[in-house]
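A.B. asks: fold the stuff below for me.
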Amino acid sequence: MVVVVVFVPREAADRVRRAAARAGAGAIGNYRACSFSAAGEGRFEPQVGARPTIGRVGEPEVVDEMRVEMVVPRPDARRVVDAVLAAHPYEEPAWHAYETLGLAEL
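C.D. replies: Okay, the predicted model is just below:
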């Protein structure tokens, strides 16, 4: 399994979660669209050449964001990340993915 993590403005979090679930993320046993979210502050400063959705070039910005995490089978991970990025409102979304260990690997 892979955990896909994305940082998204609070108002766009549901849209990103739904896109990830439609692409195959969040299936755990008999449950679908499972995710975890935690609130936080995203901080960035757009540079020359950026086209920020929020904020202005050259000015520091703080945004109320959610960290959204969902599990996905390894073969489906690229499709999920592509769906997350397509649904995300930012020009350059912050995200990462990491592989997990199951009970058989422990």
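A.B. asks: direction included, what does the top strand by length along the chain pair up with?
C.D. replies: Longest strand of the chain, by residue count under DSSP state E: strand 61-72. Partners of strand 61-72 in the sheet, by DSSP bridges, are strand 2-9 (antiparallel), strand 36-44 (antiparallel).
A.B. asks: give me the buried stretch members for that strand, please.
C.D. replies: Buried positions in strand 61-72, judged by neighbour count with 16 or more other CB atoms under 10 Å: 63, 65-72. All C-beta atoms are positioned from the backbone trio N, CA, C, and that covers glycine.
A.B. asks: ranges for the helices of this structure?
C.D. replies: 13-22, 77-87 (DSSP state H).
A.B. asks: tilt between the first one and strand 36-44?
C.D. replies: To tie it back to what came earlier, the one meant is helix 13-22. Interaxial angle of helix 13-22 relative to strand 36-44 (axes from the mean of the first three to the mean of the last three CA atoms, to 10 degrees): 120 degrees.
A.B. asks: figure out how far helix 13-22 is from the centre of its chain.
C.D. replies: Centroid separation between helix 13-22 and its chain, computed with CA atoms, centre = their mean, to the nearest Å, is 9 Å.
A.B. asks: for stretch 63-80, same thing?
C.D. replies: 5 Å.
A.B. asks: could you export that stretch as PDB, CA atoms only?
C.D. replies: The C-alpha coordinates for stretch 63-80 follow below in PDB (Å, rounded to 0.1, in the frame of the first residue of the first chain):
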ATOM      1  CA  VAL A  63      -3.500  29.800   4.200                       C
ATOM      2  CA  ASP A  64      -5.900  27.600   6.400                       C
ATOM      3  CA  GLU A  65      -5.200  24.200   4.900                       C
ATOM      4  CA  MET A  66      -5.900  20.500   5.500                       C
ATOM      5  CA  ARG A  67      -3.500  17.700   5.400                       C
ATOM      6  CA  VAL A  68      -5.400  14.900   3.700                       C
ATOM      7  CA  GLU A  69      -4.100  11.300   3.700                       C
ATOM      8  CA  MET A  70      -5.500   8.200   2.000                       C
ATOM      9  CA  VAL A  71      -4.200   4.700   1.400                       C
ATOM     10  CA  VAL A  72      -4.100   3.300  -2.100                       C
ATOM     11  CA  PRO A  73      -2.800   0.000  -3.600                       C
ATOM     12  CA  ARG A  74       0.600   0.500  -5.100                       C
ATOM     13  CA  PRO A  75      -0.500  -0.200  -8.700                       C
ATOM     14  CA  ASP A  76      -3.200   2.600  -8.500                       C
ATOM     15  CA  ALA A  77      -1.000   5.200  -6.800                       C
ATOM     16  CA  ARG A  78       0.000   7.200  -9.900                       C
ATOM     17  CA  ARG A  79      -3.700   7.400 -11.000                       C
ATOM     18  CA  VAL A  80      -4.700   8.700  -7.600                       C
END
